[in-house]
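K.L.:
3D, please:
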Amino acid sequence: MHVKISNLLFVPDVPCSCVPSVFSKEFLLVLIQGGLLVSRTLLTDYISRVEGYCGRALTSLEFAKFGRAVVDFALLGIPAAIVNSGLKFMQKQLELSFQSRLTLYLHRLYTSNRAYYAASTLGGLTHADQRITEDVEKFCFTISDLYSHTFKPLLDVVLFTRSLSRVMGYKGQMGLYGYYVLVAWLLRALAPPLAAITAQESALVGSFRAAHQRLVAHAEEVAFNDPPGGAAEQLILNQHLARLITFGRLSSFQRFLQQIADGYFVKYFASCVALLVYAGPIYFMDPAARGDQGQLTADYIRSMRLLQNTSRGVGDLIMVYKRMTSLAGHTSRVSELLEQVKLMSSEDIEHKELFRRNCSTNSLSALATSQDGHQADGFTYGDHQQPQQLQSPVPPKRVTGDVICFHRVALDAPDGMPLVRDLSFEVRHGCSVMLMGPNGCGKSSLFRVLAGLWPLQAGEITSPHKTELFYLSQRPYLVTGSLRDQLLYPAPPARVWAGSDPRDKQLFTNVAGQEPKYSDQDKELAACLEAVDLEYLLARGAGWDMVQPWQETLSGGEKQRLAMARLLFHKPTYAILDECTSAVSADGEVKLYEACVSAGITLLSIAHRPTLKRFHQLVVHIDGTVGATGKGWWTEVLDEKVLASSSAAALAAINAAGGQRP
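P.N.:
This is a model prediction of the structure:
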């Protein structure tokens, strides 16, 4: 199921691959890193010769040669230092390049097709923020680090084996390598499941961070009920911490035992074996053929330096399995992230399957026929006070048109509770409609279905093009940016646009239909602020360019009024208002609605205050009485012009569903 590591590393023409082609920047960085690794190995080999020459000159009391050797050694240190620093620098560049490519690809998928909403709200992906930030970063660091710790040790072993053969031949070295093969098998058999440990540890860290983020997001609600709200949150946070610490102690103890075996067999006992491998041939050699003391000293110093580097290289190769298992843990999470984000960005815009699997415990498939074979519900219209015999549900269908129209729409809550049946009404230009009813009766759920956030379960919905609609929720979203940016949203903040890549700008233009405009609009923006009584914000700081933490700076009512100013600036044909003025005073709310009507905006509103009825021509009451009436809604006509402008089907629905006159 999971994408293989090789698929994430190098697959031609695949955007999520770290190295997509041999002509990519990443491939060039890999080549440069490889060149530096070869240079370091060659420098190490040459330095070992110079060290041996120094030892021979010193033991032979040839101080002039010794001085020249020291100078050579000092000069060699310059390129060696450059190469060593370059290796670390290039490894970081590789990591950043891999991270940039993967994250940009994820951003493109995550922000398309409302995948972010499906991930966070519909349960499509847990801890998406951690996976896109921390998990991708860890994966890229591990993969870039693995390259240096596999290619260089392998190169060291090959080149140093060749150099050592001139001093001690190949037979002794084969014995040393045979020891390492045996040790590698033993350590692999004793190793704990590092991949599973890494994946589980990342999941626990994500849960712990999510618990803290939840407290930050709902700090005010908790504080209102503290005490004992704070104490309750402490228990929750401590429980997440206890799970993380318990698992960390267990995994660290397993690593402790493993590191003892690794350190002894790979480092200390391996050094003993290397000494025996070097000294054995000399011991059994004819004393006359051993050479003078100076030559033996030079050979010993050089051989020990090369053996140490060879042993270190073989040891690193043995330890590669640990890095590979750790990489496998990160790869599994990144692969799952890629698979889920791809799925959410490619499936239907309503994410029907995801909604059905994670959010809904029931569906409307059983509405048409009851257990005894008779129709349980139907779709004829009648008085709202009596149960009616209804027709079978209509298959879900969405249509693009000039009006907003609900035709025989049926809706269940995610827990399977029926909300409405046979809901039919129209919102034509100039005839606003207001939804009223108790909490939990399905008003906001209807808006989610209208916007396509939830799938349409039954019935037909007609809606204009997205450019003619504007949604405002009870909790306004304030973008990070200047005061001007708050009104221009959903255009990106000016600073973001100025610093964006041309390709990203073109992508936004293709989606939005035009480039954002940031100049020559301040007069119109000021009129919108004045209409919602927020003109004083311009005097608080640096005018339109003032940047503040708006979510913390403004009160709840000011946030909602600023969102209404945004609506007035964009001036859509239809505005979908979900209790967007609930935190504003009654007088202020009336003024906001007057401004919308004066701007020629047709409203589809959810509200509770009866004073807002005068800005609408029709009220649809959703009362949650599906079990009693068979429908769960009824209508109240406020202005007769709604009857004149409605279609025949909508007019029949209004009259049959109560059709009360003022």
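K.L.:
When you work out contacts or count neighbours from here on, use the C-alpha atoms and nothing else.
P.N.:
OK.
K.L.:
Just the pLDDT at residue 170, thanks.
P.N.:
Looking at residue 170, its pLDDT is 64.
K.L.:
again with residue 135
P.N.:
pLDDT at residue 135 comes out at 82.
K.L.:
and what of residue 318?
P.N.:
64.
K.L.:
try residue 401
P.N.:
What the model reports as pLDDT for residue 401 is 90.
K.L.:
from now on call the first residue 26
P.N.:
Sure thing, new numbering starts at 26, so read that last one as residue 426.
K.L.:
That one and residue 175: what is the separation?
P.N.:
To residue 175, residue 426 is 61 Å away according to C-alpha to C-alpha, to the nearest Å.
K.L.:
which of those two has more neighbours?
P.N.:
residue 175 (18 against 12; other C-alpha atoms under 10 Å).
K.L.:
which element is the more buried one on?
P.N.:
Residue 175 is part of helix 161-193 when elements are defined by DSSP states H and E.
K.L.:
now do residue 486
P.N.:
Under DSSP H and E, the secondary-structure element containing residue 486 is strand 483-488.
K.L.:
gap between that strand and the chain center?
P.N.:
32 Å (C-alpha atoms, centre = their mean, to the nearest Å).
K.L.:
Stretch 56-73 now?
P.N.:
On C-alpha atoms, centre = their mean, the centre of stretch 56-73 falls 39 Å from that of its chain.
K.L.:
could you show me where the strands are in the chain, in order?
P.N.:
Assigned by DSSP state E, the chain shows strands spanning 422-425, 429-437, 443-452, 458-461, 483-488, 494-497, 599-603, 627-631, 643-647, 658-662.
K.L.:
Surely residue 459 and residue 638 touch.
P.N.:
Yes: using C-alpha atoms under 8 Å, residue 459 makes contact with residue 638 at a distance of 7.3 Å.
K.L.:
out of those two, which sits in the more crowded spot?
P.N.:
Higher neighbour count among residue 459 and residue 638: residue 459, with 23 against 19, using other C-alpha under 10 Å.
K.L.:
Just the CA atoms of stretch 282-302, as PDB, please.
P.N.:
The C-alpha trace of stretch 282-302 is given here as PDB (Å, rounded to 0.1, in the frame of the first residue of the first chain):
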ATOM      1  CA  LEU A 282      20.900  -2.200  24.800                       C
ATOM      2  CA  GLN A 283      21.400  -2.100  21.100                       C
ATOM      3  CA  GLN A 284      24.000   0.700  21.300                       C
ATOM      4  CA  ILE A 285      26.000  -1.400  23.800                       C
ATOM      5  CA  ALA A 286      26.300  -4.200  21.200                       C
ATOM      6  CA  ASP A 287      26.900  -1.800  18.400                       C
ATOM      7  CA  GLY A 288      29.600   0.100  20.100                       C
ATOM      8  CA  TYR A 289      31.500  -3.000  21.400                       C
ATOM      9  CA  PHE A 290      31.400  -5.200  18.300                       C
ATOM     10  CA  VAL A 291      31.600  -2.400  15.600                       C
ATOM     11  CA  LYS A 292      34.100  -0.100  17.300                       C
ATOM     12  CA  TYR A 293      36.200  -1.600  20.200                       C
ATOM     13  CA  PHE A 294      36.400  -5.300  19.400                       C
ATOM     14  CA  ALA A 295      36.800  -4.400  15.700                       C
ATOM     15  CA  SER A 296      39.900  -2.400  16.600                       C
ATOM     16  CA  CYS A 297      41.400  -5.500  18.300                       C
ATOM     17  CA  VAL A 298      40.700  -7.500  15.200                       C
ATOM     18  CA  ALA A 299      42.300  -4.800  13.000                       C
ATOM     19  CA  LEU A 300      45.400  -4.800  15.100                       C
ATOM     20  CA  LEU A 301      45.700  -8.600  14.900                       C
ATOM     21  CA  VAL A 302      45.100  -8.500  11.200                       C
END
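K.L.:
Looking at the strands of the chain, spot the one closest to residue 107.
P.N.:
For residue 107, the closest of the strands of the chain is strand 494-497, at 57.9 Å, according to C-alpha to C-alpha.
K.L.:
Great, nothing more from me.
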